[in-house]
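Enquirer: got a sequence here, can you model it:
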Amino acid sequence: MENDLSNYRKSYEKGALLLNDTPENPMELFQKWFFEVDKFFTEDENNAMTVSTIGLDGYPKSRVVLLKKYTYEGFIFYTNYLSEKGKAIAQNPNVCLSFFWHKAERQVIIKGKAEKIAKNLSDGYFESRPRGSQLGALVSNQSEIIENRSYIENKLSDLENTFEGKHIPRPEHWGGYIVKPVEIEFWQGRPNRLHDRIRYQLQDDYNWLKNRLSP
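Expert: Numbering: from 1, shown residues only. You can find the predicted model right below:
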């Protein structure tokens, strides 16, 4: 099988990113960009991000999850701690997050360390989820092999009966991670592939060093 994609072309012309126009803290620029894409491209799932980890087998693996909160400290998402990504983070907390907002011709790449958030914070978010999503966290032994879909559908049905009219507790193996960044790169597409790239690197004094990178 062969499929030549060499003629796929797009000219990026929707914006610019100049070093002198960027704030000293990259989280302020992330907030600005996120607000802009969320305002103008409301039909997209703008909080979707790729999380890359180094697996137990030594290979990197990437998957899309949803960003649920960000602060000056970092980026928070929720998952099963016993999943493939959870086991990978337990062994090596160095991860990479990336956002690609194609309609804005923007990308953000974040390198950082992931750590579990406080249990009460995971409890609070779990309580805010729809009951179906709460039950889904109980049903799925994420990343484990199952025989067929009927297995989880039947398990869900059983749990619906068990918890009908009752409080659904957060399982201990499910909760949040915060990724505390050590490097953030902002990419703005430009014509002729001369893209703008601004990289922030966290220094020992907790200030950020920023530089323009060649495209």
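Enquirer: what strands flank the top strand by length along the chain, and is each parallel or antiparallel?
Expert: Longest strand in the chain by number of residues (criterion: DSSP state E): strand 174-188. If you go by DSSP bridges, strand 174-188 pairs up with strand 75-80 (antiparallel), strand 106-116 (antiparallel), strand 196-202 (antiparallel).
Enquirer: can you list the buried residues in the following helix or strand past the second one?
Expert: In the C-terminal direction, the helix or strand that comes right after strand 106-116 (DSSP states H and E) is helix 119-128. Of the residues in helix 119-128, those buried under the neighbour-count criterion (16 or more other CB atoms under 10 Å) are 121, 122, 125, 126. Where you see a C-beta, it was placed from the backbone N, CA and C, and this is true even at glycine.
Enquirer: so for helix 119-128, mean pLDDT?
Expert: Per-residue pLDDT over helix 119-128 has a mean of 97.
Enquirer: just want the angle from the next helix or strand after that helix to strand 75-80.
Expert: Counting by DSSP H and E, the element after helix 119-128 in chain order, helix or strand, is helix 131-139. With axes from the mean of the first three to the mean of the last three CA atoms, to 10 degrees defining the directions, helix 131-139 sits at 60 degrees from strand 75-80.
Enquirer: before we move on, the earlier item: show me the two of the buried residues of helix 119-128 that sit farthest apart.
Expert: Using CB to CB, the buried residues of helix 119-128 reach their maximum pairwise distance at 121 and 126, which is 9.7 Å.
Enquirer: which residues touch the spatially most central residue of the chain?
Expert: The chain has residue 49 as the residue nearest its centroid, 3.6 Å off, counting by CA atoms, centre = their mean. Neighbouring residues of residue 49 by CB atoms under 8 Å, 6 or more residues apart in numbering: 64, 65, 66, 67, 75, 77, 97, 98, 99.
Enquirer: go ahead and confirm the first one touches residue 50.
Expert: Yes: with contact defined as CB atoms under 8 Å, residue 64 and residue 50 form a contacting pair (5.6 Å).
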